[in-house]
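Engineer: generate coordinates for the sequence data below:
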Amino acid sequence: MPKRKDIKTVLVIGSGPIIIGQAAEFDYAGTQACKALREEGIKVILVNSNPATIMTDGDIADKVYVEPLTSDSIEKIIAREKPDGLLPTLGGQTGLNMAVELAEKGILDKHNVALLGTSLETIKKAEDRELFRSTMLEIGEPIPPSTIASTLEECLEFANKIGYPLIVRPAYTLGGTGGGIALEEKELTAICHRGLKMSMINQVLLERSVAGWKEIEYEVMRDSADNCITICNMENLDPVGVHTGDSIVVAPSQTLSDREYQMLRSASLKIIRALKVAGGCNVQFALDPYSMDYIVIEVN
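Structural biologist: I've put the predicted structure just below:
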């Protein structure tokens, strides 16, 4: 892709506090992004609420703001520094959520800041459970029976119709935060109450559990000219049902046949193209160990 000559200053959003299983990898990614941008002669403004990171070291960015990651705080930085572009995808879920909020509040348009990399539409398609579900159905990728719920009553109604076990996945959270597997109504009530509260839009996806299937992930990248590559695939040592953050992940996969590998690789590229991701993403699958059946879990 040719270099954009209209981008002179870029604001990079960090990932905020680091907790177990979340955000540490984004410190590395964000640090590398800042270095790469500066090598291209671009002025880098970094905002991150966590000073205990590499990216907030004084020599990583041209200007470092250790400030709260809120739309009000970031708008003040934008007004002061006047960046040409905003790069939110190196800040994990925090950065993505903040990009959505800044765009929907009209702050980016008000200050004429371009959203770089993955578009707002793509972020919503990947993070909003209903939009993601409909996109997968449009391209013919398999998903389990599911529903979108915004209230506890809707969650219980779906459970009565489908039965247990059920997986609960809150919208706009990273690493399964707020979700879980419910084996009966009491568990479902507790998980959905927590998930609805933790979701930025008070929304959860409920779907039939495929616990026990293999959990496979593909790291894929795409540019805005629709060139796609597979970086690697990974296999969780534990099956679906044990959270990735609590499991060992092996790269590359060890137990897939070539036919299974190529099937899921093709699906990954099909999905990243349908979502129009500009940059990298992680496509997660559940694969039946006794057949060629698979389902798409999610895209991060």
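
Engineer: contacts and neighbour counts: CA atoms only from here.
Structural biologist: Noted.

Engineer: helices along this protein, start to end?
Structural biologist: 24-39, 71-81, 92-104, 107-110, 120-127, 129-138, 152-162, 185-198, 258-275 (DSSP state H).

Engineer: turn those helices into CSV, including distance to residue 209 and mean neighbour count.
Structural biologist: What follows is those, written out as CSV (distance: least, Cα to Cα, whole Å; neighbours: other Cα atoms under 10 Å):
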stretch, distance to residue 209, mean neighbour count
helix 24-39, 28, 18
helix 71-81, 37, 15
helix 92-104, 24, 20
helix 107-110, 40, 16
helix 120-127, 20, 19
helix 129-138, 16, 17
helix 152-162, 11, 15
helix 185-198, 13, 19
helix 258-275, 20, 17
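
Engineer: confidence-wise, which of those helices is weakest overall?
Structural biologist: Among the helices of the chain, helix 120-127 carries the lowest mean pLDDT, at a mean of 84.

Engineer: what lies in contact with stretch 183-193?
Structural biologist: Contacts to stretch 183-193, defined as Cα atoms under 8 Å, 6 or more residues apart in numbering, come from residues 152, 155-156, 159, 164-166, 168, 178-182, 204.

Engineer: any idea which of these the model trusts least?
Structural biologist: Scoring the contacts of stretch 183-193 by pLDDT puts residue 178 last, at 84.

Engineer: wait, isn't that one in contact with residue 203?
Structural biologist: No: if you go by Cα atoms under 8 Å, residue 178 and residue 203 don't touch, sitting 11.1 Å apart.

Engineer: overlap in contacts, the two.
Structural biologist: By Cα under 8 Å, 6+ apart, the residues touching both residue 178 and residue 203 are 170, 195-196.

Engineer: in stretch 169-181, what's buried?
Structural biologist: Across stretch 169-181, burial judged by 16 or more other Cα atoms under 10 Å covers 169-174, 176-181.

Engineer: out of everything not next to it in sequence, what's closest to residue 206?
Structural biologist: Spatial nearest neighbour of residue 206, chain neighbours left out: residue 168 (4.8 Å); criterion: Cα to Cα, 6 or more residues apart in numbering.

Engineer: likewise for residue 15?
Structural biologist: residue 91 (4.0 Å).

Engineer: now swap in residue 53 and tell me
Structural biologist: residue 27 (6.4 Å).

Engineer: list the residues that contact the one you found.
Structural biologist: 14-15, 53-55, 91.

Engineer: would you turn those into a markdown table with neighbour count, distance to residue 191 and pLDDT?
Structural biologist: Converted to a markdown table, the contacts of residue 27 look like this (neighbours: other Cα atoms under 10 Å; distance: Cα to Cα, whole Å; pLDDT from 0 to 100):
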| residue | neighbour count | distance to residue 191 | pLDDT |
| --- | --- | --- | --- |
| 14 | 31 | 29 | 91 |
| 15 | 28 | 25 | 85 |
| 53 | 19 | 32 | 88 |
| 54 | 14 | 35 | 88 |
| 55 | 26 | 34 | 89 |
| 91 | 25 | 26 | 82 |
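
Engineer: out of those residues, which is nearest to residue 219?
Structural biologist: residue 91 (17.3 Å; Cα to Cα).

Engineer: is it true that the closest one touches residue 13?
Structural biologist: Yes: here residue 91 reaches residue 13: they are 5.5 Å apart, a contact under Cα under 8 Å.

Engineer: before we move on, the earlier item: quick one: which of the buried residues of stretch 169-181 is nearest to residue 99?
Structural biologist: For the buried residues of stretch 169-181, the nearest to residue 99 is residue 172 (12.0 Å; Cα to Cα).

Engineer: wait, what's in contact with the closest one?
Structural biologist: By Cα under 8 Å, 6+ apart, residue 172 lies in contact with 93, 97, 127-128, 199-201.

Engineer: mind putting those residues into CSV with distance to residue 297?
Structural biologist: Below are the contacts of residue 172 laid out as CSV (distance: Cα to Cα, whole Å):
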residue, distance to residue 297
93, 17
97, 20
127, 12
128, 13
199, 18
200, 20
201, 20
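
Engineer: between which two of the residues you listed is the distance greatest?
Structural biologist: Longest span within these, Cα to Cα: 93 and 201, 13.5 Å.

Engineer: could I get the buried residues of stretch 169-181 as TSV with distance to residue 64?
Structural biologist: Shown next, in TSV, are the buried residues of stretch 169-181 (distance: Cα to Cα, whole Å):
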residue	distance to residue 64
169	34
170	32
171	30
172	26
173	26
174	25
176	30
177	28
178	31
179	34
180	37
181	40
